[in-house]
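A.B. asks: Task: produce atomic coordinates for the following.
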Amino acid sequence: MSSPPVLLFATPPLAPLPASDAESLFLLSLLRLSRLDFGVRTGDWGVNGGKLPYLTHLDRRIGARHLASLPGYEDPDGLLSDQERAESAAWLAYIEATLVDLVNHTLYASPANYAALSASQRAGLAFPYSHYIPPRLRSTVDARLRAVGLGVADDEPAPDVVTGPQGTTAPLAFSWTAGRAAAARRRDFADDALRTRAHAALDPLARRIGRGRFFFRDRPTTLDLALLSHLTLLLSPSLSSPLPALLRETYPALVAHHDRTLTLLFPAGWSFSPRPAAHASWADSLRALAGTPAAWAARISFRRKVHTDNAKDKDKGETEMKESKQAADMRRGRWAFFAAATASVVVYVLASGIVQVSFVDDDDDDVEEGEDDDYDEDETKVGGGEAALSGVQLARGVEVVSSLPVYEDGEGPEDE
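C.D. replies: Residues are numbered from 1 along each chain as shown. Coordinates of the predicted model:
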């Protein structure tokens with residue numbers, strides 16, 4: 001039997017859900033609402049760089065944004081106006097910033113819930129991946145939870161002293177139930193803080209939905225699917241958390257929205273189960289860990305190739321460094337030659353007398369002003385021809401004088 005053109009590789013199922021994260025459930029709902037021919041598989045953590053879920057089309061990985069270009073895709077947001085699209089984007093960001101933390105805290109912070117979740121994540125994983133991937137996922141989620149003040153609670157030892165009024169302390173009397181009582185108080189305090197945060201996150205959503213069927217009009221959009229994928233992780237599994245009871249008692253509009261959307265997409269409930277992953281035996285685990293001779297040969301060949309390429313890159317880098325140094329020396333030599341040539345020309349012009357520079361005193365200004373008219377009328381004959389030579393005053397107190405000989409009327413170079 002051939003596979004559907006579109007495949008969703010989701011996280012391992014968490015009964016009764018076909019996946020154990022909100023993004024997988026969102027993509028599954030989107031594929032169902034868009035009426036594409038698709039299938040669901042339990043993904044492998046080592047295929048897509050350790051990230052699940054992901055989509056493929058004809059065995060090529062695609063993103064969720066590429067679904068709109070596939071034939072037969074019906075856009076859930078196709079009828080929304082520009083203003084409604086902007087409002088939908090704002091609410092999607094709000095859900096990502098608030099409900100994600102509540103869901104992660106419910107799944108990972110409670111020891112009982114995490115035990116059920118990690119058991120589903122270990123299904124089908126070979127040794128030693130089954131002992132590495134679930135704790136790694138929990139540590140990644142815990143980093144975000146601690147940033148918002150909802151981190152996984154560590155087991156703290158019971159205090160040895162009790163603090164009284166005005167800071168007085170006294171040794172704590174021995175009791176077999178002292179540690180359990182302190183742990184119970186910490187759990188109650190954490191539950192109260194969780195309820196406060198849940199009220200702050202769910203109140204705006206409940207007011208926005210009100211008595212309407214969906215966020216926009218009478219048909220679900222991607223915003224409704226995002227809300228469904230987060231609420232169903234709190235309402236569908238049997239989890240030890242105060243949030244499911246809080247939702248059913250305080251926010252019936254959100255629960256009704258969840259049930260309405262789920263019934264529209266999956267009339268029989270979450271019965272769309274992915275193909276189960278095969279459980280690996282100890283022999284398969286050891287074989288996968290040790291590898292085959294061909295795999296070892298390929299690794300050795302790859303390491304040799306990497307070593308050779310690194311050596312070539314190093315030699316190439318040294319050669320380029322030497323060439324760049326030589327180019328810099330040549331550039332400095334060219335500039336030095338141009339500077340020396342320019343200086344030589346200037347010195348030759350000044351030393352040969354072609355241009356003479358003389359300085360005059362300020363007292364001669366009146367005399368020079370009176371002689372300007374005489375210079376305009378005088379004409380000097382040079383070599384039998386007539387040339388009008390006049391002193392040109394370039395600046396105050398500076399006069400350029402020609403070094404050519406000047407002859408009187410009737411004289412020529414032969415008379416000299």
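A.B. asks: C-alpha from now on. contacts and neighbour counts both.
C.D. replies: Fine.
A.B. asks: Low-confidence stretches in the stretch 1-150 of the chain?
C.D. replies: For the stretch 1-150 of the chain, applying pLDDT under 70 flags the ranges 1.
A.B. asks: how does it look with 80?
C.D. replies: Scanning the stretch 1-150 of the chain for pLDDT under 80 picks out the ranges 1-3, 46, 48-49, 124-128, 150.
A.B. asks: ranges for the strands of it?
C.D. replies: Under the criterion DSSP state E, counting those that start in this stretch, the stretch 1-150 of the chain contains strands at 6-10, 38-42, 54-57, 60-62.
A.B. asks: Quick check: beta-bridge partners of Val40?
C.D. replies: Note on Val40: beta-bridge partners by DSSP bridges are Leu8.
A.B. asks: Pretty sure it sits against Thr11.
C.D. replies: No: in this structure Val40 lies outside contact range of Thr11 using Cα atoms under 8 Å: 10.1 Å.
A.B. asks: Highest mean neighbour count across the strands of the stretch 1-150 of the chain, which stretch is it?
C.D. replies: Neighbour counts (mean count of other Cα atoms under 10 Å) averaged over each of the strands of the stretch 1-150 of the chain peak at strand 6-10, with a mean of 24.
A.B. asks: Counting by contacts, list what that strand packs against.
C.D. replies: Counting by 3 or more Cα pairs under 8 Å, 6 or more residues apart in numbering; DSSP states H and E, the packing neighbours recorded for strand 6-10 are helix 22-33, strand 38-42, strand 54-57.
A.B. asks: And the contacts of that strand?
C.D. replies: Applying Cα atoms under 8 Å, 6 or more residues apart in numbering, the external contacts of strand 6-10 come out as 19, 24, 27-28, 36-44, 52-58.
A.B. asks: Can you show me the helices along this protein?
C.D. replies: Under the criterion DSSP state H, the chain contains helices at 22-33, 82-104, 111-122, 133-147, 178-209, 222-235, 242-250, 252-265, 282-290, 293-351, 365-377.
A.B. asks: Show me which positions of the fourth one end up buried.
C.D. replies: By neighbour count on 16 or more other Cα atoms under 10 Å, the buried set for helix 133-147 is 133-134, 138, 141-142, 145.
A.B. asks: Only alpha carbons, please: show it as PDB.
C.D. replies: Included here for helix 133-147 are C-alpha records, laid out as PDB according to Å, rounded to 0.1, in the frame of the first residue of the first chain:
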ATOM      1  CA  ILE A 133      16.100  11.800  25.100                       C
ATOM      2  CA  PRO A 134      13.300  12.100  27.700                       C
ATOM      3  CA  PRO A 135      15.600  13.800  30.400                       C
ATOM      4  CA  ARG A 136      17.000  16.000  27.700                       C
ATOM      5  CA  LEU A 137      13.500  17.200  26.600                       C
ATOM      6  CA  ARG A 138      12.600  17.800  30.200                       C
ATOM      7  CA  SER A 139      15.700  19.900  30.900                       C
ATOM      8  CA  THR A 140      14.900  22.000  27.700                       C
ATOM      9  CA  VAL A 141      11.400  22.600  28.900                       C
ATOM     10  CA  ASP A 142      12.500  23.300  32.500                       C
ATOM     11  CA  ALA A 143      14.800  26.100  31.300                       C
ATOM     12  CA  ARG A 144      11.800  28.000  29.900                       C
ATOM     13  CA  LEU A 145       9.600  27.200  32.900                       C
ATOM     14  CA  ARG A 146      12.200  28.500  35.300                       C
ATOM     15  CA  ALA A 147      12.400  31.700  33.300                       C
END
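A.B. asks: Mind giving me the packing neighbours of that helix?
C.D. replies: Judged by 3+ Cα pairs under 8 Å, 6+ apart, the packing partners of helix 133-147 are helix 82-104, helix 111-122.
A.B. asks: tell me the most buried of the ones you listed?
C.D. replies: Note that of those, helix 111-122 is the most buried (mean count of other Cα under 10 Å), with a mean of 17.
A.B. asks: Quick one: the helices of the chain as TSV, columns for distance to Gly63 too.
C.D. replies: Listed next are these as TSV, based on distance: least, Cα to Cα, whole Å:
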stretch	distance to Gly63
helix 22-33	10
helix 82-104	18
helix 111-122	23
helix 133-147	22
helix 178-209	28
helix 222-235	15
helix 242-250	32
helix 252-265	22
helix 282-290	30
helix 293-351	31
helix 365-377	87
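A.B. asks: which one of the ones you listed lies closest to Ala68?
C.D. replies: Evaluated over those, closeness to Ala68 peaks at helix 22-33, with 10.7 Å, by Cα to Cα.
A.B. asks: Which residues does that closest one contact?
C.D. replies: Contacts of helix 22-33 (Cα under 8 Å, 6+ apart): 8, 10-11, 18-19, 38, 40, 52-53, 64, 74, 76, 222, 225-226, 228-230, 233, 265.
A.B. asks: PyMOL command to pick out the buried ones of these?
C.D. replies: The following PyMOL line selects those of those that are buried, judged by 16+ other Cα under 10 Å:
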select buried, resi 8+10+11+18+19+38+40+52+53+74+76+222+225+226+228+229+230+233+265
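A.B. asks: how distant is stretch 298-317 from the center of its chain?
C.D. replies: When C-alpha coordinates are averaged (Cα atoms, centre = their mean, to the nearest Å), stretch 298-317 and its chain have centres 31 Å apart.
A.B. asks: which residues touch it?
C.D. replies: Looking at stretch 298-317 with Cα under 8 Å, 6+ apart, no contacting residue turns up.
A.B. asks: Who are the contact partners of Lys51?
C.D. replies: Taking Cα under 8 Å, 6+ apart, one finds Trp45 in contact with Lys51.
A.B. asks: From Pro18, how far off is Ser120?
C.D. replies: 11 Å (Cα to Cα, to the nearest Å).
A.B. asks: Then Ala340?
C.D. replies: The separation that Ala340 has from Pro18, given Cα to Cα, amounts to 83 Å.
A.B. asks: Ok, Leu202 next?
C.D. replies: From Leu202 to Pro18 the distance is 25 Å (Cα to Cα).
A.B. asks: Over to Pro237?
C.D. replies: 11 Å.
A.B. asks: What is the neighbour count of Leu254?
C.D. replies: Residues lying near Leu254 (other Cα atoms under 10 Å) number 23.
A.B. asks: Go ahead and confirm it touches Ala206.
C.D. replies: Yes: between Leu254 and Ala206 there is a contact at 6.1 Å, judged by Cα under 8 Å.
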